[in-house]
Every structure is written in structure tokens, then in C-alpha cells.
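Enquirer: below are the sequence and a predicted model; questions follow.
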Amino acid sequence: MITLTYRIETSGSIEALAAKIASDQSTGTFVALPGETEELKARVAARVLAIRQLPDAALPSMPEAGSGPFKRADVDIAFPFDAIGTDLAALMTIAIGGTYSIRGLTGIRIIDMKLPEEFRGAHPGPQFSVAGSRRLTGVEGRPIIGTIVKPALGLRPHETAAIVGELIEAGVDFIKDDEKLMSPAYSPLSERVKAIMPLILDHEQKTGKKVMYAFGISHADPDQMMRNHDLVVEAGGNCAVININSIGFGGMTYLRKRSGLVLHAHRNGWDILTRHPGLGMDFKVWQQFWRLLGVDQFQINGIASKYWEPDDSFIRSFEAVTTPLFSPDDCALPVAGSGQWGGQAPETYQRTGRTVDLLYLCGGGIVSHPDGLGAGVRAVQQAWQAAVDGIPLEDFAKSHVELARSIEKFGDGKAA
């Protein structure tokens, strides 16, 4: 069985709506059909497993819903595996997509999904995952420290490369294209790769350390996306930024089957699905699809994010991508980003279970350091050393000038 948990809101009967979801999304029809039997329906019908009542809502999630009271409950509904199989498009359509159009709901949110053992091995899953990202960056025992170059601001390839060169020399582990940068006229992907990869390979030749650079290769045409992928591989690159909502399940499947790159997922557009607390779906559900399809690294915002997402939501996202679906190898490397600098390191470390298995991604928190890029990288490294050693940042900063200057600059929380 495939079990979905729906948070239902209605001015009518919770029990009736739960039964209607189970019926409509499996065997229900408007009228009886030829050949329809109770035995047939029992074999493929979804069924309600449990209803857990919640406090009523003061206002409906859908404003046109009328008057209350608006009753709420979490409802577990099981779908027979034979009715869906391991097809993720079928799963999204049957168990999730159609539920939102059912009459009588004033709100509905998908909050959990449990997949059966049949899904183990049915999809490729991550090719590199946490261990592969660590192996390719050569980082162990601490977070992978990364940053974002913002060529989306209009920087041309040679200008971007100049910044990348400084970051490489500063000791950064990971650099990525901004998700909005793919192959615009002012910075074509082919020219960006030509300008950046020689710097990375030269540094590797001299030091043995290969900085991971994630190039934006997303494209609506899967064939063009693969040509973008091949450009990076042929130049010696090992990572790509993928705008997963933009390319869809099919694009991701096509890419993963042929990919030789670490696939760094940017989840832009996910907020549309989740920002209203009474509608859409939880990240806990949504991320399972993308991990099955092959995401290696997953951006999930961070503590004190510059965006709308509260800290507790970040922690739940972190737990989601690091909880095995079927084995530890199918976990994605969590990427903490969005307004991050060294100041969030202690709380991030504590609230994620004192783990250093993450990519800590700072944009302005590194590149806007008052003493330059090198100082920005060192300041974040120092902050994480202090966090792991249990030393307050202010105390550690007394003997680490880069961290001290970072606190002066970003202590008001403006590292975006």
C-alpha cells in the first residue's frame, strides 16, 4: 500500500470528505459502469485508515468557502500498490493532483507519504549523495563551505572567472552559479565553462584540491540540457545546478539516466506549493519524488533565512532529506543557504543534531566580507570550528580577526 496523509479542512463532514477522497481518487465514478463489481472495486479501491481530529480553523484556507465552523483533521488514506505501481507521475496524479479539485474542501494539504518496499530500486536515486560530494571536494569532518557568484547581475564570463579565481585561492570548497543564470547572451554557458574550468583544474594540479563548481545547465529541452551537461563534463567539471521545478519529472529522469555530474537541486517554485499552511504539500512529501529521481544535493534555506521560511521549517526540511527512504545511500546532501554567514553556524550545528554533513552556502556572507573574499571564506570556516568546539563566536573572534570583522559586518543579520 501507498499511504498519504491529508490535512483536511471543511465546513461539512470530515468523515464524508475522507471517504470521498478515497473513492474519487481510486474507483469512484459519477455513475455505475458496465462490469463494475464490489470485488473489482475492493481490489483497487483506496481506503481510509485513520482520522485524527485537529482544532477547528477560525478562517477557511480558501476565502470563497463561506461560513464555518471549519473542522480539521489529519486523514491517512491507503492506495493499493496495484493501482499506481512505481510510476511517480501516476502517484502524483492519483494520490495528490486530483484531491485539490474535490468539492466541499475549504483546505487540503498533503503532509506525509509512506512508500512501500516495491519502490526500492525502482528509480535511480542519487548517484553521488553525501559520500560522493565529500569525496569529490576532499572535505571530511566539517561542513563543505560554499558560495555563490552572482553573474546573474550581469557579469561576463571573464569577470566571473576573476572572482572564482580569488575564491579558489581563498580555500573555498564549492561555488555555484546563481539559479537564475543558465545561458544568457551576456554569459553563455559555453564561455563561462571555458573561463572557469581552467582555473579549477590548474589549482587542482598545483594543490591536489579540486573545487566543486556547479554550473547552471537547466533547459526546457532535455536534449539541450544534455548538451549543456556534456559541455561541463568534457571540460572536467563535476557538478550542475538543476532547477528541478522548471525541468519537471521527465527532464530530471532523462538527465539522471545519462548524467556524470553531481546534481545540485534548486527548489525555486516550491514555495508556490507550500507557503499557505492550509493548502499544497509539505516538503517532506515533495522531496521524496526528487530523491527517487536522482538529486544528490538539495537546497533547503537555512537558519534566519532571508526568505519567508521559519527556522522550524528548515529543520524539518533538513530532517527530511537526511532520513533514508530505503537506505542511507538515497539521502541527499542538505544545502543550507539564503542569507547565511558564520553567525548561524552554532544554531545550525545544534539544531541539526550536531552534524557536519551539510553544504553551508554563503553568498554575501563570504563575498561581501569587508576584508575581501579570502577573509570571507576564513571567517565562515572559523565560525564552524567555534560551533563544533562549543566556543561562543564572540570569544573565538577575539583571536580570529576574520570572524571578528564578519560579526561587525553581518551581526545585524544582513548577509544577503
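Expert: Perfect, I can see it now.
Enquirer: before we move on, which element is Val335 in?
Expert: Here Val335, judged by DSSP states H and E, is contained in strand 333-336.
Enquirer: CA atoms of the following helix or strand past that strand as CSV?
Expert: For strand 333-336, the following helix or strand on the C-terminal side (DSSP H and E) is helix 345-351. Once side chains and other backbone atoms are set aside, the C-alpha atoms of helix 345-351 remain, and they are given as CSV (Å, rounded to 0.1, in the frame of the first residue of the first chain):
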residue,chain,number,x,y,z
ALA,A,345,26.8,28.2,12.4
PRO,A,346,26.3,27.4,16.1
GLU,A,347,22.5,27.2,15.9
THR,A,348,22.6,25.2,12.7
TYR,A,349,25.0,22.8,14.3
GLN,A,350,22.9,22.3,17.4
ARG,A,351,19.5,22.1,15.8
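Enquirer: average pLDDT across helix 345-351?
Expert: Across helix 345-351, pLDDT averages out at 97.
Enquirer: swap in stretch 290-305?
Expert: Stretch 290-305 comes out at a mean pLDDT of 96.
Enquirer: Three-state assignment for Gly146, please.
Expert: In three-state terms, and counting by DSSP: H, G, I helix; E, B strand; the rest coil, Gly146 is strand.
Enquirer: measure the closest residue to it other than its chain neighbours to Ile148 for me?
Expert: Once flanking residues are discounted, Gly146 sits nearest to Phe174: 3.2 Å by Cβ to Cβ, 6 or more residues apart in numbering. Every residue, glycine included, has its C-beta placed from N, CA and C. Separation of Phe174 from Ile148 (Cβ to Cβ, to the nearest Å) stands at 10 Å.
Enquirer: scan this protein for its longest helix.
Expert: helix 189-207 (DSSP state H).
Enquirer: what is the neighbour count of Pro157?
Expert: Pro157 has 19 neighbouring residues, counting by other Cβ atoms under 10 Å.
Enquirer: same question for Glu117.
Expert: Glu117 has 9 nearby residues by other Cβ under 10 Å.
Enquirer: got the domain boundaries for the chain?
Expert: For the chain, automatic domain parsing gives the domain ranges 2-119, 129-410.
Enquirer: hey, which of those domains is tucked in deepest?
Expert: Of all these, domain 129-410 carries the top mean neighbour count, a mean of 20, counting by mean count of other Cβ atoms under 10 Å.
Enquirer: end to end, how far does stretch 264-274 reach?
Expert: 21 Å (Cα to Cα, to the nearest Å).
Enquirer: I figured Ala379 hits Leu403, correct?
Expert: Yes - counting by Cβ atoms under 8 Å, Leu403 is a contact partner of Ala379 at 4.9 Å.
Enquirer: list the residues that contact both of these two?
Expert: Shared contacts of Ala379 and Leu403, defined by Cβ atoms under 8 Å, 6 or more residues apart in numbering, are found at Gly342.
Enquirer: now the element after the longest helix of the chain, going C-ward?
Expert: strand 212-216.
Enquirer: by contact count, what packs against that following strand?
Expert: helix 129-137, strand 174-177, helix 189-207, strand 239-243, strand 262-266 (3 or more Cβ pairs under 8 Å, 6 or more residues apart in numbering; DSSP states H and E).
Enquirer: correct me if wrong: Tyr172 contacts Ile148.
Expert: Check again: residue 172 is Val, not Tyr. No - applying Cβ under 8 Å, one finds Val172 not in contact with Ile148, separated by 10.8 Å.
Enquirer: which SSE is Met113 in?
Expert: strand 105-114.
Enquirer: repeat for Trp384
Expert: helix 373-389.
Enquirer: could you point out which element follows that helix?
Expert: Helix 373-389 is succeeded, C-terminally, by helix 393-397 (DSSP H and E).
Enquirer: CA atoms only for that next one, dumped as PDB, please.
Expert: Provided in PDB are the C-alpha atoms of helix 393-397 (Å, rounded to 0.1, in the frame of the first residue of the first chain):
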ATOM      1  CA  LEU A 393      31.600  33.100  18.500                       C
ATOM      2  CA  GLU A 394      32.400  36.300  20.300                       C
ATOM      3  CA  ASP A 395      35.000  34.500  22.400                       C
ATOM      4  CA  PHE A 396      36.500  32.700  19.400                       C
ATOM      5  CA  ALA A 397      36.500  36.000  17.400                       C
END
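Enquirer: so Ser67 sits against Ser11, correct?
Expert: Yes - the pair Ser67 and Ser11 passes the contact test of Cβ under 8 Å, sitting 6.9 Å apart.
Enquirer: quick revisit: name the helices or strands packed onto the strand holding Met113?
Expert: strand 2-10, strand 70-79, strand 279-281, helix 283-293.
Enquirer: low pLDDT regions in the chain?
Expert: For the chain, applying pLDDT under 70 flags the ranges 27-43, 151-152, 413-416.
Enquirer: same thing but at 80, please
Expert: 26-44, 64-68, 150-153, 413-416 (pLDDT under 80).
Enquirer: once you drop chain neighbours, what's closest to Gln344?
Expert: Counting by Cβ to Cβ, 6+ apart, the residue nearest Gln344 is Ile303, at 4.2 Å.
Enquirer: again, but for His400
Expert: Closest to His400 by Cβ to Cβ, 6+ apart is Gln382, at 4.6 Å.
Enquirer: wait, that neighbour sits on Val401?
Expert: No - if you go by Cβ under 8 Å, Gln382 and Val401 don't touch, sitting 9.4 Å apart.
Enquirer: what secondary structure does Ala95 sit in?
Expert: helix.
Enquirer: which residues sit in contact with it?
Expert: Contacts of Ala95 by Cβ under 8 Å, 6+ apart are Ile2, Leu4, Gln25, Ile77, Phe79, Ile84, Met113.
Enquirer: can we see that at 7 Å?
Expert: Going by Cβ atoms under 7 Å, 6 or more residues apart in numbering, Ala95 touches Ile2, Leu4, Gln25, Phe79, Ile84.
Enquirer: gap between it and Ile175?
Expert: 39 Å.
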